[in-house]
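Novice: Sharing a model prediction with you, sequence too.
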Amino acid sequence: MMEDYKKKSVVEADKEIVFSKTIKAGKRIYYLDVKKNRKDEMFLAITESKKIVSGEGEDSQVSFEKHKIFLYKEDFEKFMSGLQQSIQFIIDEQGPIESHRQETEETPDAEPQKSASSSDEIKIDIDF
């Protein structure tokens with residue numbers, strides 16, 4: 001009984017979200033949650049949630065398929081480097097990323113912290 005209580009409190013401690021971003025992308029939603037573990041160390045939990053519709057009309061059922069990745073601080077640099085290289089490979093092979101957005105809501109001061117941009121910089125447009 002004592003072990004069950006200990007496990008439950010550890011799991012609850014691992015669920016503390018201190019910052020969160022939601023990225024809606026078609027049938028998928030990406031959640032970027034900064035969490036704290038029981039040692040008060042922060043890590044990034046990335047969740048992909050995909051809407052699954054089965055059946056048609058009134059018989060249709062909606063469910064969500066979820067996948068999680070946990071990314072720890074000591075791996076951020078390697079992960080970002082690998083992600084940038086992978087995205088750059090796709091751009092080199094298939095051309096630049098085209099925006100799928102139809103509305104234009106960007107303003108010149110949308111990214112005040114960014115100054116000069118290099119040609120290999122990756123920009124991601126996010127709707128909230």
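Specialist: Received the coordinates, thanks. Residues are numbered from 1 along each chain as shown.

Novice: Could you tell me which helix of the protein is the longest one?
Specialist: Counting residues, the longest helix found in the chain (DSSP state H) is helix 76-94.

Novice: Go through stretch 73-81 and flag the buried ones.
Specialist: For stretch 73-81, burial by neighbour count (16 or more other CB atoms under 10 Å) applies to no residue. The C-beta positions use only the backbone N, C-alpha and C, and glycine is treated the same way.

Novice: Contacts made by it with the rest, please.
Specialist: Outside stretch 73-81, the residues that touch it by CB atoms under 8 Å, 6 or more residues apart in numbering are 41, 42, 43, 44, 71.

Novice: Repeat that for stretch 25-34.
Specialist: By CB under 8 Å, 6+ apart, the surrounding residues in contact with stretch 25-34 are 17-23, 42-51, 100.

Novice: ok, back up a step: which of the contacts of stretch 73-81 are buried?
Specialist: The neighbour count (16+ other CB under 10 Å) marks 43, 44 as buried among the contacts of stretch 73-81.

Novice: Now tabulate the contacts of stretch 73-81 in a markdown table and tack on secondary structure.
Specialist: As requested, the contacts of stretch 73-81 are arranged in a markdown table below (DSSP: H, G, I helix; E, B strand; the rest coil):
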| residue | secondary structure |
| --- | --- |
| 41 | coil |
| 42 | strand |
| 43 | strand |
| 44 | strand |
| 71 | strand |
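
Novice: Make JSON lines from the contacts of stretch 73-81 and add pLDDT and distance to residue 86 to it.
Specialist: Putting the contacts of stretch 73-81 into JSON lines (pLDDT from 0 to 100; distance: CB to CB, whole Å) gives the following:
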{"residue": "41", "pLDDT": "93", "distance to residue 86": "27"}
{"residue": "42", "pLDDT": "95", "distance to residue 86": "25"}
{"residue": "43", "pLDDT": "96", "distance to residue 86": "21"}
{"residue": "44", "pLDDT": "97", "distance to residue 86": "18"}
{"residue": "71", "pLDDT": "97", "distance to residue 86": "15"}
